[in-house]
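*Asks:* Here you go, sequence then predicted model.
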Amino acid sequence: MNFIKSVFKWFAALIVAYGLLFFLMVIILAGIAVSFEEQAVDVPDNSILVLELGFNLTDQPPEEDFARISEAALTGDFTDSLSLREVLEGLERAREDSRISGLLITGSLSMAASGGSLASLMEVRRGLEAFAEDKPVWAYLDGDSLRDVYLKSAATEVLANPYATLDFRGLRAEQLYLGDAFERVGIEVQVEAFEEYKSAAESLQKGRMSSAQREQLTDLLNDLWTSLVEDMAASRGLERSQLETVATTDILPMGQELVDYGFADELLNRGELIERLTEASAYDASEKTFQQVGFTDYVVSSAPFSMEAFAGGGSKVAIVYAEGGLVDGEGDRTVIGADRLVRDLRQLREDDSVKAIVLRVNSPGGSATGAFKVAREIMRTNAEKPVVASMGGMAASAGYMISAPCEEIVAEFSTITGSIGVVMMLANIEQMAQNLSVNFESVQTHPYAGTFSLGRSKTEEEMSQLRQIGAQFYDEFLTLVAESRDIERDRVREMARGRVWSGRKALELGLVDAQGGLVQAVQRAADLAGIGNDFTIEERPRARTLEEQLEELFSASLSRFTPGGGASGELLEAATEEWRRLALLNDPVGHYAVLPYTLKIR
């Protein structure tokens, strides 16, 4: 009995100690969070707004996480995050701000922090062009990439460091093929794709790129390249052929070559740049440089985004972000949960103050079952209020499936879309297990009970039945697009076959309705609802505040110590659930409308 009492005392002390430690951690994290909160920024007259490109550009509103804040506190390395809407509104507000005399674009996009899709960059670039209509915009080249110079070429004057380099080698799509390696180690992936261009699984089954995949990627890259080069040539007063020559002949142009090729107007070192900008603004004696304010500070410390150009009375336009792979179920902020998206759409449909909805899609696809759930909910919503799709960098496969039923689709020329098709992927490790002298032994009540086992290949009868399910999904996908887009079904079939299209080509084919970005889609939704410019914006999902995250963390931790909670079991369950979310491919019948997940375009 004394032993049992001692154990309980020890266990109680452990709980109290953990609780105290947790409260201490909450206080520390709260202190760190407060230290990173943006403070109001003073903007002196005649200031130049400095747009340092090294921030993380997101579609949906970003939220801070404790891991990132803690790491930043320890290392001093903190990357700002801004949503596309914040950037666009910040540029528009600064354009009308009498204290801001001009804009300087410097630095490089942080690709490790996503850096934004080409579609998002196109919309930002239009914002820069609009700013340049009223005020001077300077850009400074100094070790830039294609994406960097694409933005900077919108400036009224482009200056370059005498030792600056530019990576202007064109676009390349690269995909890792694992089929031969899988075969060598005894892993088999049985695939059924509808149709020949549906290449999402070929890298798992083959060792080489198929001719169909090579064809569609070549066409896609050429379309994306055309969009980028045409914009740059127009801004810089160049012929497209001049830029093509650079990409073809010079791996890394630098220094004076940047002026000779037309990328820059003049070479200036940083000291000379400061002198130039000081003449154009004012001198900051305390900092010994030109009068300036950082773009992220200016945006975050100003009034929250209200889309001032459109803001008004009680009517709302809701923006629903569908960003990431699409999974069947709830999902989280890193993936699109079909059930969560359906619930958001239903709530917004039933909200009388919401007059129109913009579905901002930035997704390579995912679960076909989940996508059909969302598509049906959009059809119901569209019957009561307009839903407009705004395609971001990628709205393909299941991403296109949930866009198709919208009343109108707005996309950038550089959007990757289409991929109307379905693929079935079934893996087994039977041969690998045999190589390792591991055996799968089983008993079952019915012949198909082991169909989805990893321990054996699927029989031809099983594949035949699964193939029929895939064909049905594909047939329903074609019908959905034909009816939603008012296109003959045979014509849809010609454009489908799993083929990927650029937004430019999709517009020609009738798969999208207009070229533009998020701002254009929002205004179009308002026009369809008949509310003009008289509305405010509501976002789903919205970013949680640090206080809400602390409260959630605190509540979750306390729940682990409730009677019967089973702390270790809950932790294991949470870890398992997180893995399931990241796994993405969770369709209940193993059929997916998804792009190749290993495809990288630089």
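*Replies:* Received, thanks.

*Asks:* going forward, measure contacts and count neighbours with C-alpha atoms only.
*Replies:* Fine.

*Asks:* What are the buried residues along stretch 248-264?
*Replies:* Neighbour-count burial for stretch 248-264 flags Leu252, Pro253, Met254, Gly255, Gln256, Glu257, Leu258, Val259, Gly262, Phe263, Ala264 (criterion: 16 or more other Cα atoms under 10 Å).

*Asks:* Closest to Leu466 out of these?
*Replies:* Distance ranking of those against Leu466, using Cα to Cα, places Leu252 first at 50.9 Å.

*Asks:* how far away is that closest one from Arg343?
*Replies:* Applying Cα to Cα, to the nearest Å, the value for Leu252 to Arg343 is 50 Å.

*Asks:* Any idea how many residues pack against Asp80?
*Replies:* Other residues near Asp80 come to 14 when the count uses other Cα atoms under 10 Å.

*Asks:* coming back round to it: next step: the buried residues of stretch 248-264 restricted to helices.
*Replies:* With DSSP state H as the criterion, helices contain Gln256, Glu257, Leu258, Val259 from among the buried residues of stretch 248-264.

*Asks:* Identify the residues contacting the first one.
*Replies:* Residues counted as contacts of Gln256 (Cα atoms under 8 Å, 6 or more residues apart in numbering) are Pro162, Leu267.

*Asks:* And the strands in the stretch 51-200 of the chain?
*Replies:* For the stretch 51-200 of the chain, strands defined by DSSP state E, counting those that start in this stretch occupy the ranges 56-58, 81-83, 100-106, 137-141, 157-160, 173-174, 188-194.

*Asks:* List the pairing partners of the shortest one within its sheet, with orientation.
*Replies:* Think strand 173-174. Applying DSSP bridges to the sheet, strand 173-174 is found paired with strand 600-601 (antiparallel).

*Asks:* again, but for the fifth one
*Replies:* Partners of strand 157-160 in the sheet, by DSSP bridges, are strand 137-141 (parallel), strand 266-267 (parallel).

*Asks:* Please tell me how far Ala233 sits from Leu426.
*Replies:* The gap separating Ala233 from Leu426 is 47 Å, by Cα to Cα.

*Asks:* returning to what we had before: which of the strands paired with strand 157-160 sits most buried?
*Replies:* A comparison of these by mean neighbour count, using mean count of other Cα atoms under 10 Å, puts strand 137-141 on top with a mean of 26.

*Asks:* Can you show me the CA trace of it as CSV?
*Replies:* Output in CSV follows, covering the C-alpha atoms of strand 137-141 (Å, rounded to 0.1, in the frame of the first residue of the first chain):
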residue,chain,number,x,y,z
VAL,A,137,9.9,53.1,-59.3
TRP,A,138,13.6,52.1,-59.1
ALA,A,139,14.8,48.5,-59.2
TYR,A,140,18.3,47.4,-58.2
LEU,A,141,19.8,44.2,-59.7
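
*Asks:* Looks to me like Leu221 is in a helix.
*Replies:* Yes: the assignment for Leu221 (DSSP: H, G, I helix; E, B strand; the rest coil) places it in a helix.

*Asks:* what's around it, how many residues?
*Replies:* So Leu221, with other Cα under 10 Å, has 21 neighbours.

*Asks:* tell me the contacts of it?
*Replies:* Leu171, Arg172, Ala173.

*Asks:* looking at those, which has the most residues close by?
*Replies:* Result: Leu171 is most packed of the contacts of Leu221 (other Cα under 10 Å), 15 neighbours.

*Asks:* Can you verify my assumption that that one contacts Ser227?
*Replies:* No: between Leu171 and Ser227 there is no contact under Cα atoms under 8 Å: 11.9 Å.

*Asks:* ranges for the strands of the stretch 201-350 of the chain?
*Replies:* 266-267, 283-284, 289-290, 292-294, 316-323, 326-327, 331-332, 335-337.

*Asks:* Highest mean neighbour count out of these?
*Replies:* The most buried one of those (mean count of other Cα under 10 Å) is strand 326-327, showing a mean of 32.

*Asks:* Check the offset of it from the chain's centre.
*Replies:* Distance of strand 326-327 from the chain centroid (Cα atoms, centre = their mean, to the nearest Å) equals 14 Å.

*Asks:* and that strand, what does it pack onto?
*Replies:* Packing partners of strand 326-327 (3 or more Cα pairs under 8 Å, 6 or more residues apart in numbering; DSSP states H and E): strand 335-337, strand 365-367, helix 368-382.

*Asks:* could I get those as TSV with distance to Gln465?
*Replies:* Converted to TSV, those look like this (distance: least, Cα to Cα, whole Å):
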stretch	distance to Gln465
strand 335-337	28
strand 365-367	19
helix 368-382	17
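
*Asks:* Which one, of the ones you listed, ends up nearest to Phe182?
*Replies:* Nearest to Phe182, of all the helices and strands packed on strand 326-327, is strand 365-367, at 22.7 Å by Cα to Cα.

*Asks:* Could you name the helices and strands sitting against that closest one?
*Replies:* Packing partners of strand 365-367 (3+ Cα pairs under 8 Å, 6+ apart): strand 326-327, helix 398-401, strand 591-594.

*Asks:* Give the rounded mean pLDDT of the shortest one.
*Replies:* For strand 326-327, the per-residue pLDDT values average out at 91.

*Asks:* so Gly294 touches Leu49, yeah?
*Replies:* Yes: with contacts counted by Cα under 8 Å, Gly294 reaches Leu49, the gap being 5.9 Å.

*Asks:* Do me a favour and get the backbone dihedrals for Arg99.
*Replies:* Backbone torsions of Arg99, given as degrees, to the nearest 10, read phi -80, psi -20.

*Asks:* thinking again about what came up before, would you mind saying which of the strands paired with strand 157-160 lies nearest Val335?
*Replies:* Val335 lies closest to strand 137-141 among the strands paired with strand 157-160, at 35.4 Å (Cα to Cα).

*Asks:* Tell me who's in contact with Arg493.
*Replies:* When contacts are counted by Cα under 8 Å, 6+ apart, Arg493 touches Leu478.

*Asks:* how close does it sit to Tyr400?
*Replies:* 15 Å.

*Asks:* Kindly report the same for Val519.
*Replies:* 20 Å.

*Asks:* Neighbour count: these two, which is higher?
*Replies:* Between Val519 and Tyr400, counting by other Cα under 10 Å, Tyr400 is the more crowded of the two (32 against 16).
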